[in-house]
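[1] one predicted model, sequence on top.
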Amino acid sequence: MPVHYDGSRHPYFFADANADGVADQTDGRPVPYASWTPRMLKAAYNWKFVGSDKGIHVHNPHYALELLYDSMEDLAGPLDVDFAAFGLIR
């Protein structure tokens, strides 16, 4: 099931069953995403961590990039995506 991210609304990750880029609604409230795998949860945590630190590009950019790179590489495996073909540098 697709996920919709809204950094201004807790719990930040919402269900988007029809993949229209808008969180699904039930009784006028967004539906929290609940189909987490361990890989997805780790990647979502890293995404939120990096995105929430407004100074990470100054204080520790290499660590931030490594977190995002590792998360993308980890998610690519089960999706059978050739991550190396993107030519990204860690």
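    It's in.
[2] what residues does Tyr5 make contact with?
    Tyr12, Phe13, Phe14, Trp47 (Cβ atoms under 8 Å, 6 or more residues apart in numbering). C-beta: built from backbone N, CA, C; applies to glycine.
[3] nearest to His4, of those?
    Phe14 (4.6 Å; Cβ to Cβ).
[4] now Asp16: how far from Val3?
    Applying Cβ to Cβ, to the nearest Å, the value for Asp16 to Val3 is 6 Å.
[5] which one of those two has more residues nearby?
    Asp16 (19 against 16; other Cβ atoms under 10 Å).
[6] need the max-distance pair from the contacts of Tyr5.
    Within the contacts of Tyr5, Phe14 and Trp47 form the most distant pair, 14.1 Å apart (Cβ to Cβ).
[7] more neighbours, those two?
    Phe14 (21 against 18).
[8] which SSE is that one in?
    strand 13-15 (DSSP states H and E).
[9] next SSE after that strand?
    That would be, after strand 13-15 and using DSSP H and E, strand 25-26.
[10] before we move on, the earlier item: so which of the contacts of Tyr5 comes closest to Pro30?
    Of the contacts of Tyr5, the one sitting nearest to Pro30 (Cβ to Cβ) turns out to be Phe14, at 4.6 Å.
[11] dump the contacts of Tyr5 into JSON lines; add distance to Ala34 and pLDDT as well.
    Listed next are these as JSON lines, based on distance: Cβ to Cβ, whole Å; pLDDT from 0 to 100:
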{"residue": "Tyr12", "distance to Ala34": "13", "pLDDT": "94"}
{"residue": "Phe13", "distance to Ala34": "9", "pLDDT": "96"}
{"residue": "Phe14", "distance to Ala34": "10", "pLDDT": "97"}
{"residue": "Trp47", "distance to Ala34": "18", "pLDDT": "94"}
